[in-house]
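Asker: pasting the sequence and the predicted model now:
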Amino acid sequence: MRRASLVRQSGAALLLLLAACEGGEPLLKKEPREPGPFPAADRPVAHIVSPRWSNEEARDRLNEAGEVMARAAIKPGMTVADIGAGEGYYTTRLAQRVGEDGRVLAQDIIPAVRDALAERVARKRLDNVSVKLGEPNDPKLPENSFDRIFMVHMYHEIEQPYEFLWRMRSALRPDGLVVVVDANRPTANHGTPPALLRCEFRSVGYELVGITAMPSAGGYFATFRASGARPEPAAIRPCRVTQSQQPAGTEADHRVAGQHEMID
């Protein structure tokens, strides 16, 4: 009963956050995109309106970070990237989990957010954490460096997903995994339908390892690994998604490029 109550509280907090998102000013203005070798996303891209997904205390009551790190098999000595780190909810907890022999690279694309996180890291004396500024189309990660790359509640905000994922791929170590946590709803509503997520990752040379529902994190938990050769940018075909309307309380029917894929 206690856990059910906490899940309801988390859902209420998320609804308030979405309401704020709908009326809030974007933290990062989208610039017109020059034509390039990578395809544009053929779906809405959510604005970044806050460096925080939810209250840290509420998330800890649900053991969100603990459960995500356990599912991702985060161990002492690992090197982990936290993409779209925001205020550092995962960064600080990953730093504790990987220990002094591990490393965490926290990345954000908003200079003020990056600077505030760097101050928090310094204040907490997290010597195994470095903070880096990325770009909307490039996370700027060093090659062959990471056991895990975390993308938590931020994938739907990536303006140029195909180029971003393509450039990120080389940062994984041979057995490395990309960890995605997001909500199962349209990208315009600050989520990513699972079938769309899988399609976009597959388009640039990733393979889905697994995907499961994760109520404590407000959605689902998915992992991907690099698979095969990285495609040439001009060969990448964008995914198209259509969503049929379903009654409230049921799963949406997400169809991508003729495929029907749902969370098991």
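Answerer: Nice, thanks for sending it over.
Asker: all strands for this protein, in order.
Answerer: Here the chain has its strands, by DSSP state E, at 79-83, 103-108, 129-133, 146-152, 172-182, 206-214, 219-226, 241-244, 253-256, 259-260.
Asker: so which of those strands gets nearest residue 89?
Answerer: Residue 89 lies closest to strand 146-152 among the strands of the chain, at 8.2 Å (C-beta to C-beta). C-betas here are computed from N, CA, C, even on glycine.
Asker: circling back to that earlier point, rank the strands of the chain by mean pLDDT and give me the bottom one.
Answerer: Of all these, strand 259-260 carries the lowest average pLDDT, namely a mean of 36.
Asker: show me where the stretch 51-200 of the chain dips below the pLDDT cut-off.
Answerer: Scanning the stretch 51-200 of the chain for pLDDT under 70 picks out 51-54.
Asker: how about the helices in it?
Answerer: Residue ranges of the helices in the stretch 51-200 of the chain, as given by DSSP state H, counting those that start in this stretch, are 56-61, 64-71, 89-98, 111-123, 161-169, 194-203.
Asker: for residue 232, which of these is the nearest?
Answerer: Once those are compared by C-beta to C-beta, helix 161-169 is nearest, at 9.7 Å.
Asker: neighbours of the closest residue to residue 168 other than its chain neighbours, how many?
Answerer: Excluding the flanking residues, the one nearest residue 168 by C-beta to C-beta, 6 or more residues apart in numbering is residue 139, at 5.1 Å. Neighbourhood size, residue 139 [other C-beta atoms under 10 Å]: 23.
Asker: dead centre of this structure: give me the residue that sits there.
Answerer: The residue lying closest to the centre of the chain (C-alpha atoms, centre = their mean) is residue 151, at 2.5 Å.
Asker: so who does it touch?
Answerer: Counting by C-beta atoms under 8 Å, 6 or more residues apart in numbering, residue 151 touches 83, 84, 178, 179, 180, 181.
Asker: what about the fifth one, distance to residue 196?
Answerer: What that stands for is residue 180. Distance, residue 180 to residue 196, using C-beta to C-beta, to the nearest Å: 12 Å.
Asker: one more: the third one?
Answerer: Plainly put, residue 178 is 15 Å away from residue 196 if you go by C-beta to C-beta.
Asker: try the last one
Answerer: When distance is defined by C-beta to C-beta, residue 181 is 15 Å away from residue 196.
Asker: repeat for the second one
Answerer: With the distance defined as C-beta to C-beta, residue 84 ends up 18 Å from residue 196.
Asker: those two: which is more packed in?
Answerer: Between residue 84 and residue 196, residue 196 has the larger neighbour count (other C-beta under 10 Å), namely 27 against 24.
Asker: okay, now the closest residue to the more buried one other than its chain neighbours: neighbour count?
Answerer: Setting aside the residues directly before and after it, residue 196 is nearest to residue 241 in space (C-beta to C-beta, 6+ apart), at 4.6 Å. By the criterion of other C-beta under 10 Å, residue 241 has 18 neighbours.
Asker: okay, the closest residue to residue 203 other than its chain neighbours and residue 169: tell me how far apart.
Answerer: Excluding the flanking residues, the one nearest residue 203 by C-beta to C-beta, 6+ apart is residue 236, at 5.3 Å. Residue 236 sits 12 Å away from residue 169, going by C-beta to C-beta.
Asker: residue 207 too?
Answerer: 11 Å.
Asker: and if you look at residue 149?
Answerer: 10 Å.
Asker: of the two, who's got more company?
Answerer: Legend: neighbour count by other C-beta under 10 Å for residue 149 and residue 169, higher for residue 149 (25 against 22).
Asker: beta partners of that one?
Answerer: Listed by DSSP bridges, the beta-bridge partners for residue 149 are residue 81, residue 178.
Asker: from here on, count from 9
Answerer: Yep, numbering from 9; the last one is residue 157 now.
Asker: isn't it right next to residue 88, touching?
Answerer: Yes: proximity of residue 157 to residue 88 meets the contact threshold set by C-beta atoms under 8 Å, at 7.4 Å.
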